[in-house]
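Visitor: missing the sequence, but the structure's below:
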């Protein structure tokens, strides 16, 4: 059961977007629930939200194809939860937010963007390892490049530049116009995928309310489909931020989730973390944490360190972990531990509503139960020679891309400045 709550989601196929529209999409999602609707001010809308729903959001969901990381699918998701006695108002608010979000309260938009900038700046010290990995893998696939430009360090730099530019009233007006045009363009989607999760007594009413609300938006004329854009070039980079520690990452291009080598690469991350990286990066190197993982969604195997006093030495340890694997004898106990850790993450339970949502998106992205079972079986049957084979195939030094997120003084040191890497500043 859902304890009397009704969860509603509308997942619309993303239409084809220009590079500029792609850059504005996360901003539209963040602002749509914080501004006015139609003729109502944002204060009126806040009152309406608090009396109608427990949560309301717009977001983008993307996932690469199982067969090719250069192909991806994307959806604009409008989601909410509310009590069962609020179903008509819940659905009405969702549709108004999707269709009538007003971006003409420019002072409000400027304030919200300044707040977003402050939050993103503050997030660097806590999520630096994730940001470094995103930057390191940005050249591995189109989706990886998109993540870096939207939510990675490059996205933070773009948000800072936008916030600075909005001191000019013309730029603020232009942004307002762009967001309104993008809102209308997104509604050209020909496909609306609906999800309703509730207790049995409310299910039919809630599902029909959502179907009726979306019906007028049906559009079969559009034929162009969304793509994540062009893949960036892989470049070693140093990013400067307001931090007193380092966050290091190294990434290697790999394969999609449906490739036969994907299971072994997934186990490899856990095996290297447990057998070498924890000792070398944390116990000996002094970092708060470190590890490795395979992200089949972007086609990259990624090493990372978290709140690290070192930088160049850590990158060397990443490569040393591969050499350790290839030169060491098989350790059946360590392999079993690595496999169990991966399987436990696959089998991690969710709430009843969470399980339904997961199944909904698996269906959208054409992930079947048989494919999941095959993946689990392949992970369980991974052997030490499989780890050595995929490491030797994909984790070659000449294929790596490295990123160091550090402070200004360290970036100017001889050891880093002499590398000749690209320098970027978000300090």
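Guide: On my side now, so go ahead. The structure displayed is predicted, hence computed values, not measured ones.

Visitor: in what helix or strand does the residue positioned nearest the centre of the chain lie?
Guide: Computing the C-alpha centroid of the chain and ranking residues by CA atoms, centre = their mean puts residue 147 first, at 6.4 Å. Residue 147 is part of helix 142-150, with elements assigned from DSSP states H and E.

Visitor: For the residue nearest to the centre of the chain, give me its contacts.
Guide: Residues in contact with residue 147 (CB atoms under 8 Å, 6 or more residues apart in numbering) are 134, 138, 298. Every residue, glycine included, has its C-beta placed from N, CA and C.

Visitor: Report pLDDT for it.
Guide: Here the pLDDT value assigned to residue 147 is 97.

Visitor: name the helices or strands packed onto the helix or strand just after the helix holding residue 147?
Guide: With elements assigned by DSSP H and E, the helix or strand that comes after helix 142-150 is helix 153-165. Identification of packing neighbours for helix 153-165 by 3 or more CB pairs under 8 Å, 6 or more residues apart in numbering; DSSP states H and E yields helix 19-32, helix 106-136, helix 142-150, strand 422-425.

Visitor: Okay, buried residues for the following helix or strand past helix 153-165 please.
Guide: Using DSSP H and E, the helix or strand that follows helix 153-165 in sequence is helix 169-186. For helix 169-186, the neighbour count (16 or more other CB atoms under 10 Å) marks 172, 175, 176, 178, 179, 182, 183, 186 as buried.

Visitor: With respect to residue 238, which of those is nearest?
Guide: Distance to residue 238, by CB to CB, is smallest for residue 175 among the buried residues of helix 169-186, at 30.7 Å.

Visitor: just checking, the closest one touches residue 166?
Guide: Yes. Counting by CB atoms under 8 Å, residue 175 does reach residue 166; the two are 6.9 Å apart.

Visitor: give me phi/psi at the residue of the chain positioned farthest from its centre?
Guide: The outermost residue of the chain relative to its centre, with distances by CA atoms, centre = their mean, is residue 329 at 36.7 Å. Backbone torsions of residue 329, given as degrees, to the nearest 10, read phi -80, psi 160.

Visitor: Look up which helix or strand residue 51 falls in, please.
Guide: helix 42-52.

Visitor: Contact partners for residue 56?
Guide: Per CB under 8 Å, 6+ apart, neighbours of residue 56: 33, 49, 79, 80, 93, 94, 97.

Visitor: re the thing from before, I'd like to know how far the residue nearest to the centre of the chain sits from residue 155.
Guide: Applying CB to CB, to the nearest Å, the value for residue 147 to residue 155 is 8 Å.

Visitor: what about residue 257, which SS state?
Guide: What DSSP: H, G, I helix; E, B strand; the rest coil gives for residue 257 is coil.

Visitor: Nearest spatial neighbour of it, chain-adjacent residues omitted?
Guide: Among residues not flanking residue 257 along the chain, residue 296 sits closest, at 3.7 Å (CB to CB, 6 or more residues apart in numbering).

Visitor: Is that neighbour in contact with residue 262, as I believe?
Guide: Yes. Applying CB under 8 Å, one finds residue 296 in contact with residue 262, separated by 5.1 Å.

Visitor: what angle separates the longest strand anywhere in the chain from helix 169-186?
Guide: Secondary structure of the chain read by DSSP state E shows that its longest strand is strand 72-83. Angle, strand 72-83 to helix 169-186, by axes from the mean of the first three to the mean of the last three CA atoms, to 10 degrees: 90 degrees.

Visitor: chain center to strand 72-83, what's the gap?
Guide: Distance of strand 72-83 from the chain centroid (CA atoms, centre = their mean, to the nearest Å) equals 15 Å.

Visitor: Quick one: work out the angle between it and helix 19-32.
Guide: 10 degrees.

Visitor: tell me the average confidence for strand 72-83?
Guide: Mean pLDDT, taken over the full extent of strand 72-83, equals 97.

Visitor: Quick check: which element contains residue 293?
Guide: strand 289-295.

Visitor: so what strands line up beside the helix or strand just after that strand?
Guide: As assigned by DSSP H and E, the chain's next helix or strand after strand 289-295 is strand 300-306. Next to strand 300-306 in the sheet, as set by DSSP bridges, lie strand 247-253 (antiparallel), strand 289-295 (antiparallel).

Visitor: Give me the contact list for the last one.
Guide: Contacts with strand 289-295, where a contact means CB under 8 Å, 6+ apart, come from 129, 137, 254, 262, 265-266, 268-269, 272-273, 277-278, 280-282, 300-308, 314, 318, 321.

Visitor: Check the offset of it from the chain's centre.
Guide: 16 Å.

Visitor: Report the buried residues of it.
Guide: 290, 291, 292, 293, 294, 295.
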